[in-house]
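> curious how this folds, go ahead:
(2 chains)
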Amino acid sequence: MLYWKDSQEAVTAITGLFAGVANDPELGESMKKVNQLILFDYSESGPGCAIWVDTRNGKYEFGAGDPPGAPDLIMSLSADDAHLSWLNKLNPVMAITRKKIRVKGSATGLLKLAPKLKKVAVIYEQVLKELGMEDKIVK
Amino acid sequence: MKGNTGKIININLSTRSIAIETLPEEWYRLYIGGSGLAAKIFQERGDFSLDPLAPEAMLIFMNGPFAGLKLSGASRGSVAGCSPLTGHWGDSSCGGYFAPELRYCGFDGLVVTGRAAEPSLISIEGEQVTLLPAAQYWGRGTEEATRLLKEGFGKDSRSMMIGPAGENGVKFANIIHEGQNAAGRAGFGALMGAKNLKAVVVKARKKEMALADAEGYEILRGDLNGRINDALASSVLRENGTAANLIGGVYSGDVPVKNWTSNFWEEAAEALNGTTLTEKYLTRRTGCLYCGIACKRIVEVKEEPFAVPEGGGPEYETIVAFGTLLGSLDLAATCKASRLCNDSGVDTISCGATIAWAMEAFEKGDLTREDTGGLALHWGDMTAVLDILLPAIVKKEGKLGALLAEGSREAARRLGKGLDYTAQSKGLEAPMHDPRGGGYGLALTYAMSARGTCHVADPMLFIEMGARYYPEIGFEYILEPQSEKDKAAAAAVSVALGAIENSACFCQFADAEVTIPDWLALFKTVAGYEWDAEEFLRAGRRIFYLKRLINGRYGLSGKDDDLTPRMRAPGSGGEADGARFDLEKMKARFYEIMKIDPESGLPTKAALADCGMADELDKLTAECP
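Below you'll find the predicted structure:
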């Protein structure tokens, strides 16, 4: 991996991001509107390297590893590309077209979230700084 | 001949003569089919001095080589000729069921000339072609006329027809198929109306086709259908229709607002997107024959003031043209607009754009109450638009209806004001993608499109999004939408690919999954063409050049490859705020790459020789002053 020393580091940073999103009123509400159980499957970068977000029925829960049920949407990509995408440095349409991101399930929720990626990236940068991972920010 | 039938029908409505013609096989190999083959016929036989609505004017319906072959995306057909709206080359594509049915009858297309003495229809039943009176259908909307035709010709008959707008000569009248599919652009409904031709009805008796390699095609078809159906974009389109990603367009500044005066209206993202349409009004999904994507919508709006019974729903272009472009966020109004436009037979893009222009003209005082017959035109007043203005345009009623029925460019010319704030190129109103937000390359291909501003002339819109790349030919640009970098080079490939898509009559949504090797395999198994990628792209360039040569015969030149000041002004709001593209820079590079003379706008002899069509320039030189 280019950006992570191991998969656990990636999980720590990205679950930190989802915690940060929860604390942002606008993004938190936007996430709830997605109303899906989404699995971000980064396991190609290491066993157990996966994060789920559950926004079904007004919830906002997230965690690492196996999701609490059958996901409505699975996005499979490398932990490095996940890092770039949360930093808004990876065009998601292009990544999907070039098979860097494989999507299974309904992408309706993602379309709603795509315009928020810029704001998500700001939170992600802040989370990386708080975690002492500032060196991982790609400008 | 394999794949194509090789046969077209020539019909002269004035003399009532009907003749079956076998076209030279070479023309198919050079110009593929659809709008490309139509352009070749037009170039060979057209009279370029004619008024677009003159009886002698040609109206061409033309299939692609894959029509009827049970492949997702391949059931489209082209309508082409001299556009009544723009006065030069025009072509328009229509999905649905007509093209396969015509193919099953044993024909690739029909060329209609002349003017019938009375309202008429052309019936093609198997190989039997008949001209019939159609007074009982004249004056009726396309929904009712479709129903009546099915009662008369059988429910499995398929028709292309005009509504009252075409009968009345509205310059952006379209041709409607099955009440919902449209050969929408360039005003061919007006040409059909001028010919006193209400409909073309086809009904096949068999479904036999000869392919170069039927077994190979079946394997390829299975693979392609699977990939097209499983693609993420297909599932998004299936789930929420062509407006599924309107939300992304709003935030990128791609969705024009109030006659292109703004690039951002955040509330539209929720109010008008495909998910909202699904949740509020969708009753079922439908699509073109054999297509697994099924992007078309059937909707019902129960609440007034814009209630519409269950029927065809709006696509993205209509939702924006009768939504943000007119200053409205009323999704129900777009459903009603879609229904009324289809029933009347008007292009929703040109119609919405012309009304948007009129609203701005009224706001500026360029269009007065005297001009409007006392009607006040205000942004977002959809009751006035749907109850008063649209019917007036369809009937060309009153000063305002007659003025707007000419389209925005001609309306501005007649008014003597407001040409600068029309949104069009070469007289064709721009579709609902604003290049200041969507991508500067789109501005270039808008300007270069032979028929005028067009987002489906080529796949540039998708290329700039990142949704297309062609590694097999080294086309791997990573493009920044709001930049001129690499756009001319990308456009040079895009226009060739677009020419092939529109000549093969292939849907751009399905084509996203078709690679260059897939295309080569399609042409090989269906038609027996042993093309490599270079020969394939050469065919695309050839067709692109041919349409420019035709426009040259109408007097168009490099200066017509332009966009209006409104479209070239800096973007306003959101991501596109201040965005301004350098069209001249992109044009200069594009001309250079494509070997087009900047002044005449025509391909050079070297360019034509590269494509094996040097003789076409000689014809132009001989016939032009």
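
> ranges for the strands of chain A?
A:37-41, A:50-54, A:61-64, A:73-76, A:102-105 (DSSP state E).

> what pairs with the third one, parallel or antiparallel?
Read that as strand A:61-64. For strand A:61-64, sheet partners with direction are given as strand A:50-54 (antiparallel), following DSSP bridges.

> average pLDDT for the partner strand?
The pLDDT scores in strand A:50-54 average 96.

> residue contacts, B:A405?
Residues in contact with B:A405, defined by C-beta atoms under 8 Å, 6 or more residues apart in numbering or on different chains, are B:165, B:168-172, B:393-394, B:396. From N, CA and C alone the C-beta is placed, and that goes for glycine too.

> 6 Å instead, please
B:170, B:393, B:396 (C-beta atoms under 6 Å, 6 or more residues apart in numbering or on different chains).

> adding distance to A:A114, write the strands of chain A out as JSON lines.
Below are the strands of chain A laid out as JSON lines (distance: least, C-beta to C-beta, whole Å):
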{"stretch": "strand A:37-41", "distance to A:A114": "13"}
{"stretch": "strand A:50-54", "distance to A:A114": "15"}
{"stretch": "strand A:61-64", "distance to A:A114": "19"}
{"stretch": "strand A:73-76", "distance to A:A114": "12"}
{"stretch": "strand A:102-105", "distance to A:A114": "12"}
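
> excluding chain neighbours, what is closest to whichever residue of chain B sits closest to chain A?
Residue nearest to chain A within chain B: B:G466 (3.0 Å; C-beta to the nearest C-beta). The shortest distance from B:G466 to any non-neighbouring residue, by C-beta to C-beta, 6 or more residues apart in numbering or on different chains, is to A:M94 (3.0 Å).

> could you point out the longest helix in chain A?
In chain A, taking DSSP state H as the definition, the longest helix is helix A:7-22.

> what lies in contact with it?
Contact partners of helix A:7-22, identified using C-beta under 6 Å, 6+ apart, comprise A:4, A:27-28, A:45-46, A:49, A:51, A:53, A:60, A:62, A:64, A:79, A:86, A:123-124, A:127, A:131, A:133.

> could you do stretch B:443-458 as well?
Defining contact as C-beta under 6 Å, 6+ apart, one finds that stretch B:443-458 is touched by B:86, B:89-91, B:186, B:424-428, B:430-431, B:433, B:435, B:460-461, B:487, B:491, B:494-495, B:498, B:508, B:547-548, B:551, B:561-563, B:581, B:583, B:586.

> give me the subset of those residues that lies in strands.
Among the contacts of stretch B:443-458, the members falling in strands are B:89-91, B:424-425, B:428 (criterion: DSSP E).

> in these, find the pair that's most separated.
Comparing all pairs in the ones in strands among the contacts of stretch B:443-458 by C-beta to C-beta, the longest separation belongs to B:D91 and B:Q424, at 16.7 Å.

> could I get the pLDDT score of whichever residue of chain A sits closest to chain B?
Each residue of chain A has a distance to chain B, by C-beta to the nearest C-beta, and the smallest belongs to A:M94, at 3.0 Å. We note a pLDDT of 92 for A:M94 in this prediction.

> and the closest residue in space to B:A333 that isn't next to it in sequence, what does it touch?
Of all residues not flanking B:A333 in the chain, B:M382 sits nearest, at 3.9 Å (C-beta to C-beta, 6+ apart). By C-beta under 6 Å, 6+ apart, the contact set of B:M382 is B:328, B:330, B:333.

> what about these, which one has the most neighbours?
B:A333 (24 neighbours; other C-beta atoms under 10 Å in any protein chain shown).

> ok so, going back, and chain A, which of the ones in strands among the contacts of stretch B:443-458 contact it?
With C-beta under 6 Å from any C-beta of the partner chain as the criterion, these include none near chain A.

> can you pick the most crowded of these?
Neighbour counts for the ones in strands among the contacts of stretch B:443-458 were taken using other C-beta under 10 Å; the highest belongs to B:W89, which has 32 neighbours.

> test my guess that that residue contacts B:G552.
No. Proximity of B:W89 to B:G552 does not meet the contact threshold set by C-beta atoms under 6 Å, at 9.8 Å.

> surely B:E310 is within a helix?
No. For B:E310, which was evaluated using DSSP: H, G, I helix; E, B strand; the rest coil, the result is strand, with no helix membership.

> show me what contacts it?
Here B:E310 is in contact with B:283, B:300 (criterion: C-beta under 6 Å, 6+ apart).

> what does the pLDDT read for the residue nearest to B:A333?
Note on B:M382: pLDDT of 98.

> then B:R553?
Among the per-residue scores, B:R553 shows a pLDDT of 94.

> before we move on, back to that, measure the residue nearest to B:A333 to B:S494 for me?
36 Å (C-beta to C-beta, to the nearest Å).

> what's the burial count for the closest residue to B:G169 other than its chain neighbours?
On the basis of C-beta to C-beta, 6+ apart, the spatially nearest residue to B:G169 that is not a chain neighbour turns out to be B:A190, at 5.2 Å. The number of residues packed around B:A190, counting by other C-beta under 10 Å, is 29.

> the one 4 residues further on now?
By the measure other C-beta under 10 Å, the count of residues near B:A194 is 21.

> could I have stretch B:10-28 exported to CSV, CA atoms only?
The C-alpha coordinates for stretch B:10-28 follow below in CSV (Å, rounded to 0.1, in the frame of the first residue of the first chain):
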residue,chain,number,x,y,z
ASN,B,10,-38.4,6.0,-52.4
ILE,B,11,-41.8,7.6,-52.2
ASN,B,12,-42.9,10.7,-54.1
LEU,B,13,-46.1,11.9,-52.4
SER,B,14,-46.9,14.3,-55.3
THR,B,15,-46.8,11.7,-58.0
ARG,B,16,-47.8,8.8,-55.6
SER,B,17,-44.9,6.8,-57.0
ILE,B,18,-43.4,4.1,-54.8
ALA,B,19,-40.1,2.5,-55.9
ILE,B,20,-37.8,0.0,-54.1
GLU,B,21,-34.2,0.8,-54.6
THR,B,22,-31.1,-1.2,-53.8
LEU,B,23,-28.3,1.1,-52.7
PRO,B,24,-24.7,0.5,-53.6
GLU,B,25,-23.1,-1.8,-51.0
GLU,B,26,-20.1,0.5,-50.9
TRP,B,27,-22.2,3.3,-49.4
TYR,B,28,-23.0,1.1,-46.4
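
> flag every residue of chain B that's near chain A.
Counting by C-beta under 6 Å from any C-beta, the positions of chain B adjacent to chain A are B:232, B:236, B:239, B:245, B:247-248, B:251, B:275, B:465-467.

> quick check: the farthest pair among those residues?
For the residues of chain B next to chain A, with distances taken as C-beta to C-beta, the pair at the greatest spread is B:T275 and B:G466 (21.8 Å).

> still on that earlier bit, turn the residues of chain B next to chain A into a markdown table, including secondary structure, neighbour count and pLDDT.
Compiled in a markdown table, those are given as follows (DSSP: H, G, I helix; E, B strand; the rest coil; neighbours: other C-beta atoms under 10 Å in any protein chain shown; pLDDT from 0 to 100):
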| residue | secondary structure | neighbour count | pLDDT |
| --- | --- | --- | --- |
| B:L232 | helix | 20 | 91 |
| B:V236 | helix | 23 | 94 |
| B:E239 | helix | 19 | 95 |
| B:N245 | coil | 22 | 89 |
| B:I247 | helix | 24 | 93 |
| B:G248 | helix | 19 | 92 |
| B:Y251 | helix | 21 | 94 |
| B:T275 | helix | 21 | 95 |
| B:M465 | helix | 23 | 92 |
| B:G466 | coil | 20 | 93 |
| B:A467 | coil | 17 | 93 |
